[in-house]
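**Q** sequence? don't have it. structure:
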């Protein structure tokens, strides 16, 4: 049987050479002002054979920022830095979209000039974070009022506009992994009693409004959305994820999106959760391209495509350690192991120095 991963794919307006997607991966290699660096351009260019690169989570505003040396897309300098990245990827024949990010309660006052991070409700994330001043516990966030929600939607719209200025092929709305939009979606973090809380239809409202704003800039066919139905990261929970994310998938259909990207790890992955898998439910409801992510090997990815569980598969850690992952999959070459100790450091080691196949020992 013909290998599914290497078949071309049309995802909205995006024509992909293969179905191997590079998942968004926060790596901390921007400068201290969130400006993308030439090192980042080298890193992404090395991986340009992916059918699609989803660039790492990128803050749409200062209030949404909260990770040491993560990139932003809210200043002119950040746009210029990203232009270097997109130019390099395009010259290498690749396609790249930018993930639009607001960290919500997962930020910290150390990043925010002493201000509290924001969230749907005044409930702290579990655990701790690393700030410029060291490791700190998460704090109880400020619950956004209705005017602040409107300002937040405007931040996403501006981020989408600046991503277009920076030369991206599209954008992905980050509504996963315990950050702001995911916090609104899941009832463990959202205890509001207004139009943004209570029912799943209300909790998906902000994601809908952000999607409407972003597609107003790009058109739906160059916009994706990422969801993580059962990711427990930072204490995230939902009482009925099948219903919540089924409603989310349904409410996203009218926008004619390029794709929906589900980060729901397979059993055995460190972020896998027990219970009914939600991705098959979303797959049935969502009408456009569907991408799965989380613990897939090449063989498992092929099976997922053959069984019509997805149209493409995103790989994270394998792309960190294997810039030529597509070629390795094609030839059956062994994969480089990933060095987790360098995932969030700030230099080239463990970032751009993994050996290519021809140079691998």
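**A** Thanks, I have the structure now. Just so it is clear, the model here is predicted, and its values are computed rather than measured.
**Q** what are the phi and psi values at residue 210?
**A** When read as degrees, to the nearest 10, the backbone of residue 210 gives phi -70, psi -40.
**Q** what's the separation between the residue lying closest to it once chain neighbours are set aside and residue 14?
**A** The spatially closest residue to residue 210, leaving aside those adjacent along the chain, is residue 156, at 4.8 Å (C-beta to C-beta, 6 or more residues apart in numbering). C-beta: built from backbone N, CA, C; applies to glycine. Residue 156 sits 20 Å away from residue 14, going by C-beta to C-beta, to the nearest Å.
**Q** could you pull out the strands for the stretch 201-350 of the chain?
**A** Assigned by DSSP state E, counting those that start in this stretch, the stretch 201-350 of the chain shows strands spanning 223-227, 259-263, 289-293, 312-315.
**Q** picking up where we left off before, A strand includes the residue nearest to residue 210, no?
**A** No. Under DSSP: H, G, I helix; E, B strand; the rest coil, residue 156 sits outside any strand and is assigned helix.
**Q** enumerate every residue touching it.
**A** 60, 100, 102, 173, 210, 213-214 (C-beta atoms under 8 Å, 6 or more residues apart in numbering).
**Q** mind redoing it with 7 Å?
**A** Applying C-beta atoms under 7 Å, 6 or more residues apart in numbering to residue 156 gives the contacts 60, 100, 210, 213-214.
**Q** let me know the pLDDT of it.
**A** Residue 156 carries a pLDDT score of 98 in this model.
**Q** what's the answer for the one 3 residues further on, then?
**A** Among the per-residue scores, residue 159 shows a pLDDT of 98.
**Q** quick check: the gap between residue 223 and residue 165.
**A** 16 Å.
**Q** returning to what we had before: any chance of TSV for the strands of the stretch 201-350 of the chain, columns mean pLDDT and mean neighbour count?
**A** Putting the strands of the stretch 201-350 of the chain into TSV (pLDDT from 0 to 100; neighbours: other C-beta atoms under 10 Å) gives the following:
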stretch	mean pLDDT	mean neighbour count
strand 223-227	98	27
strand 259-263	98	28
strand 289-293	98	25
strand 312-315	98	26
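**Q** as JSON lines, the ones you listed with distance to residue 198 would be great.
**A** JSON lines is the format used below for these (distance: least, C-beta to C-beta, whole Å):
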{"stretch": "strand 223-227", "distance to residue 198": "20"}
{"stretch": "strand 259-263", "distance to residue 198": "24"}
{"stretch": "strand 289-293", "distance to residue 198": "28"}
{"stretch": "strand 312-315", "distance to residue 198": "32"}
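**Q** of those, which is nearest residue 185?
**A** Proximity to residue 185 (C-beta to C-beta) singles out strand 223-227 among the strands of the stretch 201-350 of the chain, at 7.7 Å.
**Q** what pairs with the closest one, parallel or antiparallel?
**A** Paired strands of strand 223-227, with direction, are strand 170-175 (parallel), strand 259-263 (parallel) (DSSP bridges).
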